[in-house]
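Participant: okay, structure incoming, though there's no sequence with it:
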DNA sequence: GTGAAAGCGCTAACAA
DNA sequence: TTGTTAGCGCTTTCAC
């Protein structure tokens, strides 16, 4: 079933059918009506590939994420999709599952589909795939890569705002030794978060003990391992900031398992504010990064770049802010940990 | 940059370029090498729309889900995507967000993209969109709709297996009054689950008290509301089965808030076994529905249907099984609830 | 207001 | 082994 069939059924030329389908007003209402009736009758849906081919441009954006299993991303996707929907744009999702090797493949697929731009939220960024994008004049928008260029913009998370609030909050609760459990090593985004933590600590006149800077993996398991590590320390911190909420949940799990009460004996601050963080016990004090604002920034960047694919990219920034719930409380004496155990 | 440019750069015809790109072996190795060098040099990615148009077939499947925010679906997507990847097939995701009105729009987009089939995991199924699919000869595979037809298959969840185990498990723990918190009203999938619960109860010679059959919404909030309801009963159940894990988590939250200990004072069984269910406290006893098996069934159904788009669809079934963790324990006297409160 | 026809980038006969 | 060429289904001038 194609446009030719419709034309025959309606007794008009294919040009007219095309006009009607695309809402041109250069068609006599009666004719248009006749065509429309046939289209509805047979539930005709024009071949988008053919239109795109003819028009030379698509109206979709690619979205590459590292791990769809981290609730942050589905929440982001929902916002992203709904914003695009209002603009009648499509979205192509792909997951790298943290395998750098999949990136090239994924980008290839998106290029083949003629996307107008790629939103890259995965951090395993290598030169090769980016080069491919640039050579094909497809704009790229990265998350927290902090590098821009021709046809490549960046949306960075403004950590200081939230981090500073978090540290100040902890300090007011008399915490002095504050640990940090970061994300996967080697990812630029992990560095940014850690650096922001360190800066915020210094700004609050708190000493940064290097031995309290641990590594995680942005997942629950990373938080568990790191927290277990912390519990073995002779001089453990009284509070910990985690690189994301999943990590924080991991710490909560081992704390609970060890019979250490949160926030009585230990305080935890997460990052992201996934929906889940208000649903676990105790509800997580965390630094909120609005998925909607982030999605909006990405769409803005993508749209701007799509207009001028070869122009210099821009920097976008999304603020963060502290959400105080119940995983933080007054600091106990440093030996609280051992005393708290059953 | 198109195939013509590559042909010029490599000093061959476009046919040869096409052959090389598609891995034909009817090209002299030296020639192929020359072409390949140019392709890599300029990072050429052929226009997939053009190929698809020419070949008349795409190699992608549409995936429609209700709510990407329910962890069950991302976990499903991950399996689905990885299975498709091994077959070099693409996936188009769309979300209805439980709005029936979005369905038509979403299906239209997929049809325009020439998908070879649609996996429909959303339950807001109306006749209109399905009609559209059929008229366009695009196979449909539904989840638990229990209806098949020409070009339309169904993957149903085999509830009895898991439900029976769960009820038997509860019965062995001396639970007699067992409640059920279902999914959204009006969805066929909700009915199936509830019916299976009732059947399993009867098979175990347990009485089904209609007043213990509550309604939820497949989300945490639904579990909370229903549990609050239950706590107000004069003769509450000692255990509850939830239509999914999110619902179960909701019940856990209000139980915890009310100072009622799980599993000491009350038992909860979830459904799905999302990753989260092993990460909360207490880890959830739940009926596991393997995302991987489900995804595999969908892919099988889709592939079979894609081969013969007009053949009669088939029924596929995926088993479930009980995973015992810590949210279930021996039943207490029925007044335990009130006594348990602080 | 409507139709004829060119051509988007590619694949696959068919020719050479 | 390689090249020429006819479309795939659509949009869009350009004529009428």
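Facilitator: Everything's here; your move. Everything quoted here is computed from the prediction, not taken from an experiment.
Participant: got a list of what whichever residue of the stretch 201-342 of chain A sits closest to DNA strand C touches?
Facilitator: Going by C-beta to the nearest atom of the strand, DNA strand C is nearest to residue A:309 of the stretch 201-342 of chain A, at 14.6 Å. Any C-beta I mention is one placed from the backbone N, CA and C, and that applies to glycine too. Counting by C-beta atoms under 8 Å, 6 or more residues apart in numbering or on different chains, residue A:309 makes contact with A:137, A:138, A:139, A:151.
Participant: which of those has the largest number of neighbours?
Facilitator: residue A:139 (28 neighbours; other C-beta atoms under 10 Å in any protein chain shown).
Participant: what's the domain layout of chain A?
Facilitator: A:3-44, A:59-156+A:291-318, A:159-288 (automatic domain parsing).
Participant: quick one: which of those domains is nearest residue A:329?
Facilitator: Minimum separation from residue A:329 across the domains of chain A (C-beta to C-beta) falls at domain A:159-288, 3.1 Å.
Participant: now that closest one: average pLDDT?
Facilitator: Domain A:159-288 shows a mean pLDDT of 96.
Participant: burial measure for the closest residue in space to residue A:45 that isn't next to it in sequence, as a count.
Facilitator: Nearest residue to residue A:45, sequence neighbours excluded (C-beta to C-beta, 6 or more residues apart in numbering or on different chains): residue B:111, at 4.0 Å. Residues lying near residue B:111 (other C-beta under 10 Å) number 23.
Participant: contacts for the strand or helix carrying residue B:111 next, please.
Facilitator: Using DSSP states H and E, residue B:111 sits within helix B:100-112. By C-beta under 8 Å, 6+ apart, the list of residues contacting helix B:100-112 from outside reads A:45-48, A:90, B:62, B:64, B:92, B:94-96, B:118, B:122, B:124-126, B:128-129, B:132-133, B:136, B:138.
Participant: among the residues you listed, which ones are in strands?
Facilitator: If you go by DSSP state E, the contacts of helix B:100-112 have A:90, B:62, B:64, B:92, B:94, B:95, B:118 in strands.
Participant: so the third one is in contact with residue B:121, correct?
Facilitator: This means residue B:64. Yes: in this structure residue B:64 lies within contact range of residue B:121 using C-beta atoms under 8 Å: 6.5 Å.
Participant: ok but residue A:218 is inside a helix, no?
Facilitator: No: membership of residue A:218 in a helix is not supported by DSSP: H, G, I helix; E, B strand; the rest coil, which gives coil.
Participant: residues contacting it?
Facilitator: A:67, A:70, A:183, A:184, A:243, A:244, A:246, A:247.
Participant: most neighbours out of those residues, which is it?
Facilitator: Ranking those using other C-beta under 10 Å puts residue A:247 first, with 32 neighbours.
Participant: what's the spacing between it and chain B?
Facilitator: Distance check for residue A:247 against chain B: by C-beta to the nearest C-beta, to the nearest Å, it reads 12 Å.
Participant: try residue A:297
Facilitator: 20 Å.
Participant: per-residue pLDDT of that residue, please?
Facilitator: In this model, residue A:297 is scored at 98, pLDDT.
Participant: element containing it, please.
Facilitator: Assigned by DSSP H and E, residue A:297 falls within helix A:291-307.
Participant: pull the contacting residues for residue A:55.
Facilitator: Residue A:55 makes no contacts at all, as judged by C-beta under 8 Å, 6+ apart.
Participant: what about the strands in chain A?
Facilitator: Under DSSP E, chain A gives strands at A:60-65, A:90-95, A:118-120, A:140-143, A:152-158, A:178-181, A:213-214, A:239-242, A:267-272, A:285-289, A:315-323.
Participant: so which of the ones you listed gets nearest residue B:287?
Facilitator: Taking the strands of chain A one by one with C-beta to C-beta, strand A:90-95 is closest: 26.8 Å.
Participant: partner strands of the closest one and their direction?
Facilitator: Strand pairing for strand A:90-95, using DSSP bridges, gives strand A:60-65 (parallel).
Participant: tell me the one among the ones in strands among the contacts of helix B:100-112 nearest to residue A:81.
Facilitator: Nearest to residue A:81 among these is residue B:95, at 6.0 Å by C-beta to C-beta.
Participant: now the closest one: how far from DNA strand D?
Facilitator: Distance of residue B:95 to DNA strand D, given as C-beta to the nearest atom of the strand, to the nearest Å: 26 Å.
Participant: please name the bridge partners of that residue.
Facilitator: Going by DSSP bridges, residue B:95 forms beta bridges with residue B:65.
Participant: from residue A:306, how far out is it?
Facilitator: Per C-beta to C-beta, to the nearest Å, residue B:95 is found 23 Å from residue A:306.
Participant: what's the answer for residue A:79, then?
Facilitator: Distance, residue A:79 to residue A:306, using C-beta to C-beta: 19 Å.
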